[in-house]
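1. Model the following, please.
(one chain, ligands or ions: 1)
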Amino acid sequence: MKKITYSILTLLMLNISSLRADEGMWLPILLNENHADMKKKGLKLTAEQLYSANHSSLKDAIVWFGGGCTGEIISEQGLVLTNHHCGYDAIAGKSTPQENILDNGFWAKTKSEEKPIEGLTVAFVVRMEDVTSKVLDEVKGMDEKTRNSKLSEIYKKIIKASTKDTHYEGLIRETFKGNAYYLFILERFTDIRLVGTPPQNIGKFGGETDNWMWPRHTGDFSMFRVYSNAEGKPAKYSENNIPFKPKHSLPINIKGVNKGDFTMIMGFPGRTNRYEFSQGVQIATDLVDHAIVALRDVRLNAWKEQMNKDVDIRLKLSSDFAGVANYWKYFRGEYEQLKKNKVYEQKLKEEKAFEKWAESKEDYKSLLADVEKTFSIYKPYSLQRTYLNEGILATTISKFAGMAMSMESMLEKADANSFNDLNERMLEALKDMPYSKMIVAADKRIFDSLLVLYCNNIPKDQQAPFVNDVIAKYDANNMREAIKLYTNFVFNSSFFADENMVEAFFKNPRLEILKNDPAYKFVKAFRDFYIKNYKPKVDEFNDNSLALGRKYIKGLMEMNTKKKFYPDANSSLRLTYGTARPYMKYNMVTNLDEVIEKNIKYANHPDKEFTIPQRMKDLHQAKDYGKYAMKDGKLPTCFLTDNDITGGNSGSPVMDGNGNIIGLAFDGNWEAMSGNIHFDPANKRTICVDIRYVLWLIEKYGQAPQIVAEMKLIN
Ligand code: ARG
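-> This is a model prediction of the structure:
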């Protein structure tokens, strides 16, 4: 599953410090504790073979792909396998109506045909380290607010000492809400090239209809290659770079997967909140989940309208569309399943048990009363942040205007001497504004509708006065009409609506022009309003709920001394293990015959989400599956396991007991979409693309046997 990403602007502005089946996303350095259990379930490797800081181990084949996904090395020449939806942005970015690799697929025949992807990086974990005492020593005695404001400085100091004289990066992750801290030393490679991808009607087969659901038939994979300099070190793109020689690459098991087989997944799960309080569940179901869905609906409808009109626009917006649609559906599912799986009630029950245990414990007896207080203060404002991130700041024009925010003070301070330097920095900033994504007709419609939603759904006494002023100015008696007129004005007169005008401004920036730009004024008004009125409340809530959560987890650990606790996902390397396992009435493995059936069943799908290339139909007719067929002669497509994954695990290898890859994790199932907040052992599943389907698509469909020849197959 792909991680949800927030824009740089919102991260900067809002300082977001926080977003059995076989439960648990375990930290690789602590796997000794799980090892006996893993062996019992079918693991054949030692704990050292899974993770070792000194010898090559499985972890050396796993990469953090682009910051939101996982990939794995599958050849001695740095070949990386990940999901199609993880490579989507790169693939769409390399597509034009003339060379449309998103729609037609792409298979590099030789290394020289591989396509360098600017800006894409992959990072390996060199080692990890428990730095809990180092961090806790530094924050001792601090109140929560000071503590959280000092953390990044403390991290920097520890990282600096640990990466001295190396080209490595360090990353510290707050774990168990601050009961523990782990340092990850990373080696990041920056010359990454696209090697192959199926057409998107295979790589995204089933589209939004099938997304987050089983049964599934998506060929969700793409391939890249890591390049290094001649010394095997990271280097920026150069023709002289060579394919990276990894410490470990994963062999490929094409013998197939059977019910009950041991499966393990290593990757970078993004965020879970399994120790959330019942009140947090309530905020999600009563308020936030609905709001995200309604706000995202607006963007999706406006984009779709334009994408259907023009191939060029479709290629430019496809990647953003897929990303927004993915979590639009996610939050619908989360709401539905939090309700259906009675997560609120389950949390209450757990809290009751805790309360009883805590009755006589000085440290804990008032904890849940404090939680109640903290959440009830926050709840009335809990839509503010959502409406800012997913609403006011979600248009392209607002994003770009928001990026100019830091320039105001630069321009204020600039004198003749610093002006040239400033100018350079501004032109640099322009590169972060991809104007290819500015489709004015769509953005205008979005701007207008989102503002209407804001007026309708944010309580009147919480609205920014700026909105009232706008309505008073344009049509005091008709909010709808006023917003329409105001939107026209913004798009007709803001220079942020037009790439050439922005460029002209950046070449010759003037403070007065910036300050008077209507889009700039709009963003600034909301930003200032939020920072003054709601950011302090949100920060206070974040600080308090984090401190309470930390105490709650500590208490739970004292209460259940026999239980092994695993930390929430936090975009760091984890391992989850379990078994291949069906659920409910469904089969565990799907096949190509069913792809053809869906193609016929959904022939009239308005977005053509089940269309497949003729070549695939022909190959299916010929039943030419070679060594990739199952015993029944069919070609497998996807399968299920009960591993515990979340967004960020997308592209992770699903491995057998010997550490050979049998599939690629790419999604979760609808019935368990409450899983980030509460693990449901009966229904939680991982949806995987079968490695045999991947290889068949490369070799037979893509006619690129040379890529398969690089891999080590186990038959
Ligand atoms: N739900 C999957 C994930 O989060 C797949 C997302 C891409 N597919 C899509 N139809 N938008 O990783």
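
2. neighbours of residue 142, just the number please.
-> Using other C-beta atoms under 10 Å, residue 142 has 13 neighbouring residues. C-beta: built from backbone N, CA, C; applies to glycine.

3. For the stretch 551-700 of the chain, list the residues in contact with the ligand, please.
-> Counting by C-beta under 6 Å from any ligand atom, the residues of the stretch 551-700 of the chain lying close to the ligand are 647, 650, 666, 667.

4. count of neighbours near the second one?
-> If I follow you right, that is residue 650. A count of nearby residues for residue 650, using other C-beta under 10 Å, gives 30.

5. what about it, distance to residue 129?
-> 27 Å (C-beta to C-beta, to the nearest Å).

6. cool, and the first one?
-> With distances defined as C-beta to C-beta, the gap from residue 647 to residue 129 amounts to 26 Å.

7. swap in the last one?
-> Residue 667 is 32 Å from residue 129, where distance means C-beta to C-beta.

8. Tell me which stretches of the stretch 201-350 of the chain form helices.
-> 207-210, 278-283, 289-307, 311-340, 343-358 (DSSP state H, counting those that start in this stretch).

9. mind listing what residue 573 touches?
-> 27, 28, 59, 62, 64, 125, 128, 184, 266, 267, 268 (C-beta atoms under 8 Å, 6 or more residues apart in numbering).

10. Out of these, the closest to residue 432 would be?
-> residue 64 (21.6 Å; C-beta to C-beta).

11. Retrieve the pLDDT associated with the closest one.
-> pLDDT for residue 64: 98.

12. That one and the ligand: what is the separation?
-> Going from residue 64 to the ligand by C-beta to the nearest ligand atom, to the nearest Å gives 15 Å.

13. continuing past the helix or strand hosting that residue, what's the next helix or strand?
-> Secondary structure here is read from DSSP states H and E; on that basis residue 64 sits in strand 62-65. Taking DSSP H and E as the definition, the helix or strand that follows strand 62-65 towards the C-terminus is strand 69-73.

14. just to revisit the earlier point, residue 667 and residue 129: which is more packed in?
-> Per other C-beta under 10 Å, whichever of residue 667 and residue 129 has more neighbours is residue 667, with 28 against 17.

15. tell me the SS of the more buried one?
-> With DSSP: H, G, I helix; E, B strand; the rest coil as the basis, the three-state label of residue 667 is strand.

16. Who are the contact partners of it?
-> 1, 211, 212, 216, 218, 220, 650, 686, 687.

17. repeat for residue 324
-> Residue 324 sits in contact with 296, 299, 300, 303, where contact means C-beta under 8 Å, 6+ apart.

18. And the pLDDT for the nearest residue to the first one once chain neighbours are set aside?
-> If you skip the residues right next to it in sequence, residue 296 has residue 328 as its closest partner in space, 3.9 Å away by C-beta to C-beta, 6 or more residues apart in numbering. According to the model's per-residue confidence, residue 328 sits at a pLDDT of 98.

19. Could I get the contacting residues of residue 328?
-> 292, 293, 296, 297, 300.

20. is it true that the third one touches residue 327?
-> Going back to what we said before, that points to residue 296. Yes - Residue 296 lies in contact with residue 327 (C-beta atoms under 8 Å); the separation is 7.2 Å.

21. Report how many residues lie close to the residue of the stretch 151-300 of the chain at minimum distance from the ligand.
-> In the stretch 151-300 of the chain, the residue that lies nearest the ligand is residue 211 (3.8 Å; C-beta to the nearest ligand atom). Residues near residue 211, counting by other C-beta under 10 Å, number 21.

22. isn't it right up against residue 322?
-> No - Residue 211 is beyond contact range of residue 322, at 9.1 Å (criterion: C-beta under 8 Å).

23. Give the residues shared as contacts by these two.
-> By C-beta under 8 Å, 6+ apart, no residue touches both residue 211 and residue 322.

24. how close does residue 425 sit to the ligand?
-> 35 Å.

25. what about that residue, how many neighbours?
-> Number of residues near residue 425 (other C-beta under 10 Å) recorded here: 15.

26. and residue 639, backbone torsions?
-> phi -150, psi 170 (degrees, to the nearest 10).

27. okay but it is in contact with residue 691, surely?
-> No - judged on C-beta under 8 Å, residue 639 makes no contact with residue 691 at a distance of 9.8 Å.

28. who has more neighbours, these two?
-> Between residue 639 and residue 691, residue 639 has the larger neighbour count (other C-beta under 10 Å), namely 32 against 29.

29. Okay, and the beta partners of the more buried one?
-> Judged by DSSP bridges, the bridge partners of residue 639 are residue 589, residue 688.

30. how about it, what does it touch?
-> Neighbours of residue 639 in contact, by C-beta under 8 Å, 6+ apart: 257, 580, 588, 589, 590, 663, 688, 690.

31. For the residues you listed, which two are the farthest from each other?
-> Among the contacts of residue 639, 580 and 590 lie farthest apart (C-beta to C-beta), at 13.1 Å.

32. Residue 443 - nearest residue in space that isn't next to it in sequence?
-> Nearest to residue 443 is residue 396, by C-beta to C-beta, 6+ apart, at 4.8 Å.

33. Would you confirm that the one you found contacts residue 438?
-> Yes - with contact defined as C-beta under 8 Å, residue 396 counts as touching residue 438 (4.9 Å).

34. of these two, who's got more company?
-> Neighbour tally, residue 396 and residue 438, criterion other C-beta under 10 Å: the higher count belongs to residue 396, 23 against 20.

35. tell me the contacts of that one?
-> 437, 438, 439, 443.

36. now residue 669
-> 212, 213, 214, 583, 640, 683, 684, 685, 687.

37. wouldn't the third one be in contact with residue 666 here?
-> No - under the criterion of C-beta under 8 Å, residue 214 makes no contact with residue 666, lying 11.5 Å away.

38. Sketch out the low-pLDDT regions of the protein for me.
-> 5-21, 415-420 (pLDDT under 70).

39. Quickly note the distance from residue 677 to residue 2.
-> From residue 677 to residue 2 the distance is 19 Å (C-beta to C-beta).

40. How about residue 38?
-> 27 Å.

41. Could you list the residues of the stretch 51-200 of the chain in contact with the ligand?
-> residue 85.

42. Thank you, goodbye.
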